[in-house]
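Engineer: Have a look; sequence and predicted model below, questions after that.
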Amino acid sequence: MPQPLEGTFSADHSARLLRNYRYVVERTMRALGGWIALTPELSAKLLMGRHVWDLAQHCDSFGRRLPELRAHAHVSEAANPAVAAFMDCLEEPEGPDQTVERLVGVYSVLNPHLLATYRDHLSRANPVYEPPTRRILVRCIDDEERHIAAGDTILRHLTGAPSAEERAVSRQRRLEELLVAAGGVTGEGLASHQAPEGEPLRADPSDDAREFIRLETATTAWPIHASLGDALRSFAEALVAGDEEALGRWLASGLVLGATPWTLIRGARYSGHRIVAFAKLGDQRLVKTRLDGPSNSAVVLVRWASAPGGWRVAALDVVARDARPA
């Protein structure tokens, strides 16, 4: 059957859509890159790091296509101020305990919307004179399917507690309202182009989020010198007991307990502790310890330095905490 020479999109319209796509993808790429350092969970870090590269490729493809549509190369453009406001909200969560909020914005709201939008665009792009745009969209669709599947896996891993699930639902609702108000990333309304029935989102073996979780929850025993092991155990027991005097005895000269994020978990009740990560940093050691109690959990990151009197705490941070319903 002959293909019509007339298409849905003029060159100007196609260029505007690509600028709109590039705007949200570029901001998402930068957000993910910045969040890696702020995110304590290894599985989420690996997820973000894996996908930043893909988004950079999308941005580059959109930008290179623009001159072929008689437009300036590598230009990004928000469809309207409401799209910019949506992206501002998406980028907001920067606290170490807001990983769920970060992932929900990208993987539960924006990516599914982009996937539907790309599918809708592809279905209407003329195969006679728009094959370059169609090839770009096919690549983006393939990547978005992988990203959403991987993101969903990590989110299910991180939202096991009811309080985390409630935060995820609230965050998704807020962002979806903003996206609807913006008319989607193009300002033309939300696309509803779905995959054929019975065709699930594909997860590529190279993007297996289950492996990210296995790395995060690995129970490998780390080679820890006996003197440091004793210090780690004593310090963790003091954390569980909330014994500030005992904690203070482990601090390096110049470090004051009250000036550290310890204050975030002061007064919380914990009943147990376990090391969940250990790394060498020159002559120092980074140790991440999880504290668990009947209604609270927290993850404390401590940098230990060797001193003449033995190992001492050179820095202390609380990288995650959660209060569960009693």
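Structural biologist: Looks like it arrived, so ask away.
Engineer: make it CA atoms for all contacts and neighbour counts henceforth
Structural biologist: Will do.
Engineer: Check which helices and strands the helix or strand hosting Glu177 sits against.
Structural biologist: If you go by DSSP states H and E, Glu177 is part of helix 162-182. When contacts are defined as 3 or more CA pairs under 8 Å, 6 or more residues apart in numbering; DSSP states H and E, helix 162-182 sits against helix 81-91, helix 99-103.
Engineer: mind checking how far whichever helix or strand comes after that helix is from the chain centre?
Structural biologist: On the C-terminal side of helix 162-182, the nearest following helix or strand under DSSP H and E is helix 209-216. Between the centre of helix 209-216 and the centre of its chain there are 14 Å (CA atoms, centre = their mean, to the nearest Å).
Engineer: average model confidence for helix 209-216?
Structural biologist: For helix 209-216, the mean pLDDT works out to 76.
Engineer: Pull that helix out as CSV, backbone CA atoms only.
Structural biologist: C-alpha atoms of helix 209-216 as CSV (Å, rounded to 0.1, in the frame of the first residue of the first chain):
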residue,chain,number,x,y,z
ALA,A,209,17.9,-4.2,38.6
ARG,A,210,17.7,-7.4,40.6
GLU,A,211,21.5,-7.5,40.3
PHE,A,212,21.7,-4.0,41.8
ILE,A,213,19.6,-5.2,44.8
ARG,A,214,21.8,-8.3,45.2
LEU,A,215,24.9,-6.1,45.3
GLU,A,216,23.2,-3.8,47.9
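Engineer: in that helix, what's buried?
Structural biologist: Ala209, Phe212, Ile213, Glu216 (16 or more other CA atoms under 10 Å).
Engineer: Now render those as a markdown table, adding distance to Phe9.
Structural biologist: A markdown table is the format used below for the buried residues of helix 209-216 (distance: CA to CA, whole Å):
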| residue | distance to Phe9 |
| --- | --- |
| Ala209 | 37 |
| Phe212 | 41 |
| Ile213 | 43 |
| Glu216 | 46 |
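Engineer: nearest to Phe86, of these?
Structural biologist: Distance to Phe86, by CA to CA, is smallest for Ala209 among these, at 26.9 Å.
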